[in-house]
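> dropping the sequence and predicted coords here.
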Amino acid sequence: ANDRSFMAYEFHRWAIDEVHTPLVKLAYSKDGVEIFRHESMPIWGLQFHPEVRRRDNGGHILFEYVLNSIKPT
């Protein structure tokens, strides 16, 4: 298992506690699941706000990765 972390901008009133097959949890915080994906389809879910660019977060890098992974080839 990879143990990587990054700062993400989150502002929640709701949380996702857990995901179940065919979804796979990829990242979580003290508030719950922050990123998940479908195990075989190009479907992703993001609970935090990767579009918010601040000098202390890396969400935009992850957001670009997700967008590149789902765009048609």
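Received the coordinates, thanks. Numbers count the residues shown, from 1 in each chain.
> would you map the helices across this protein?
Assignment of helices within the chain using DSSP state H yields the ranges 59-70.
> can you find the helix or strand of it with the lowest average pLDDT?
Here the helix or strand of the chain ranked lowest by mean pLDDT, DSSP states H and E is helix 59-70, holding a mean of 75.
> from the contact counts, what lies against it?
strand 44-46 (3 or more C-beta pairs under 8 Å, 6 or more residues apart in numbering; DSSP states H and E). Using the backbone N, CA and C atoms, a C-beta is placed for each residue, glycine as well.
> distance check, Arg13 against Ser29.
Distance of Arg13 to Ser29, given as C-beta to C-beta, to the nearest Å: 14 Å.
> these two: who's more crowded?
Ser29 (15 against 4; other C-beta atoms under 10 Å).
> confidence score at the more buried one?
With respect to pLDDT, Ser29 scores 81.
> okay but it is in contact with Asp17, surely?
No - judged on C-beta atoms under 8 Å, Ser29 makes no contact with Asp17 at a distance of 11.9 Å.
> check contacts around the residue nearest the centre of the chain.
For the chain, the residue nearest the mean C-alpha position is Ile35 (2.7 Å; C-alpha atoms, centre = their mean). For Ile35, the contact set (C-beta atoms under 8 Å, 6 or more residues apart in numbering) comprises 25-27, 44-48, 62.
> again, only this time at 10 Å
Listed by C-beta atoms under 10 Å, 6 or more residues apart in numbering, the contact partners of Ile35 are 8, 16, 19, 24-29, 44-48, 50, 59, 62, 66.
> of these, buried ones?
8, 16, 19, 25-28, 44-48, 50, 59, 62, 66 (16 or more other C-beta atoms under 10 Å).
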